[in-house]
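[1] predicted model and sequence follow; I will ask about them next.
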Amino acid sequence: MPTFRFACRTVGQTLSPADWEATLRGSRVELLLKSDHVLFRSLDFPRQAADFLDGMIRAQIDRLTPWSANDAVFGWGRPATLQMSEFS
């Protein structure tokens, strides 16, 4: 996993990790990542899997990336329910 370092110099001082944490706590941070550093994948699971999505998605991260799910930043949302009439 890439290591990120931040530097902010004010009046000849460099902020320590604890200073950064205190400065950023409660703030919104926006990261811009290169597209080759991001994996976006739509996954299809059976409806019966809805209660087990977190574990199933973690297993897919382990399978699709060189990192474990504990070392990756990921998110997912509850699946939308499709009506039978929406299938073609």
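    The structure has been received and is ready for your questions.
[2] now Leu53, nearest residue through space, not along the chain?
    Leaving aside its chain neighbours, Leu53 sits nearest to Trp76 (6.5 Å; criterion: C-beta to C-beta, 6 or more residues apart in numbering). (Glycine included, C-beta is placed from N, CA and C.)
[3] which residues in the chain form strands?
    With strands called from DSSP state E, the chain shows them at 9-10, 13-14.
[4] in the chain, which segments are predicted with low confidence?
    Along the chain, the model assigns pLDDT under 70 to residues 1-13, 81-88.
[5] longest helix in it, by number of residues?
    helix 53-64 (DSSP state H).
[6] next one: that helix to chain centre, how far?
    How far helix 53-64 lies from its chain's middle: 12 Å, per C-alpha atoms, centre = their mean, to the nearest Å.
[7] go on, stretch 61-70?
    12 Å.
[8] can you check stretch 27-44 too?
    That offset, for stretch 27-44, works out to 7 Å (C-alpha atoms, centre = their mean).
[9] again, but for stretch 32-47
    9 Å.
[10] CA atoms only: put it into PDB for me.
    Written as PDB, here are the backbone C-alpha positions of stretch 32-47 (Å, rounded to 0.1, in the frame of the first residue of the first chain):
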ATOM      1  CA  LEU A  32      -7.800  12.900  -5.400                       C
ATOM      2  CA  LEU A  33      -6.500   9.500  -6.500                       C
ATOM      3  CA  LYS A  34      -5.200   8.500  -9.900                       C
ATOM      4  CA  SER A  35      -7.500   6.100 -11.700                       C
ATOM      5  CA  ASP A  36      -4.900   3.400 -11.700                       C
ATOM      6  CA  HIS A  37      -4.900   3.500  -7.900                       C
ATOM      7  CA  VAL A  38      -8.700   2.800  -7.600                       C
ATOM      8  CA  LEU A  39     -10.700  -0.400  -8.300                       C
ATOM      9  CA  PHE A  40     -14.400   0.000  -9.000                       C
ATOM     10  CA  ARG A  41     -16.200  -3.200  -9.500                       C
ATOM     11  CA  SER A  42     -20.000  -4.000  -9.700                       C
ATOM     12  CA  LEU A  43     -20.700  -7.300  -8.000                       C
ATOM     13  CA  ASP A  44     -23.800  -9.500  -8.400                       C
ATOM     14  CA  PHE A  45     -24.900 -11.600  -5.500                       C
ATOM     15  CA  PRO A  46     -28.100 -13.600  -5.000                       C
ATOM     16  CA  ARG A  47     -30.800 -11.800  -3.000                       C
END
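[11] since that was my last question, I'll sign off now.
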